[in-house]
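Trainee: Sequence and predicted model, in that order:
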Amino acid sequence: MIKGFKDFLVRGNVIDLAVAVVIGAAFATVVGAFTGNIVKPLIAALGGGSSYGLGPTLRAGRPETFVDVGALITAVVNFVIVAAVVYFLVVVPMNRLMAMRKAGAEPEPAAPAEDVIVLQEIRDLLRAQQG
């Protein structure tokens with residue numbers, strides 16, 4: 001069991017995964033700052049004269065009852081940006097790399113046609129009868 005764990009660590013997948021998590025967290029922070037400081041104020045500006053942002057206040061004069069629809073829109077924009085970057089910078093290049101590897105590999109030999117198989121069986125039977 002220890003040997004299997006050691007093999008798992010030495011393969012390099014763990015290091016790649018750790019680097020991906022760190023880069024992903026750093027990128028999510030950058031996107032969060034972008035959406036929180038640029039997108040959210042733009043959405044709040046669409047909300048009109050309210051100082052809270054885009055959304056209704058359930059009880060007038062009580063800011064804690066404000067339903068912040070702008071924050072939801074900001075979170076959706078944040079998700080779409082992160083998903084797009086992951087897709088275009090990770091998934092698409094990996095698919096291309098896998099396609100290039102697959103194209104470079106030797107193709108498997110095609111299975112012989114059924115009539116060729118029958119002829120080979122006849123040949124083997126004739127040899128067995130003769131010898």
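Mentor: Great, that's in hand. Numbers count the residues shown, from 1 in each chain.
Trainee: so where do the helices sit in the protein?
Mentor: For the chain, the helices defined by DSSP state H cover 2-10, 13-34, 40-46, 69-86, 92-104, 114-130.
Trainee: Out of those, flag the one nearest residue 57.
Mentor: Shortest separation from residue 57 across the helices of the chain is recorded for helix 69-86, at 11.5 Å, computed as C-beta to C-beta. C-beta here means a position set from N, CA and C on the backbone, and glycine is covered the same way.
Trainee: quick one: buried residues of that closest one?
Mentor: Burial within helix 69-86, assessed by neighbour count using 16 or more other C-beta atoms under 10 Å, is assigned to 70, 71, 73, 74, 77, 78, 81, 82.
Trainee: cool, stretch 118-125 as well?
Mentor: Going by neighbour count (16+ other C-beta under 10 Å), nothing in stretch 118-125 comes out as buried.
Trainee: Quick one: residues in contact with it.
Mentor: Where contact means C-beta atoms under 8 Å, 6 or more residues apart in numbering, the residues beyond stretch 118-125 that reach it are residue 112.
Trainee: now it, how far from the chain's geometric center?
Mentor: For stretch 118-125, the distance from its own C-alpha centre to the chain's C-alpha centre is 52 Å (C-alpha atoms, centre = their mean, to the nearest Å).
Trainee: Restricting to C-alpha, output it in CSV.
Mentor: The C-alpha trace of stretch 118-125 is given here as CSV (Å, rounded to 0.1, in the frame of the first residue of the first chain):
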residue,chain,number,x,y,z
VAL,A,118,-12.3,-18.5,-44.1
LEU,A,119,-9.6,-19.1,-46.7
GLN,A,120,-7.0,-19.3,-43.8
GLU,A,121,-9.1,-21.9,-42.1
ILE,A,122,-9.4,-23.9,-45.3
ARG,A,123,-5.6,-23.7,-45.7
ASP,A,124,-5.0,-24.9,-42.2
LEU,A,125,-7.4,-27.8,-42.6
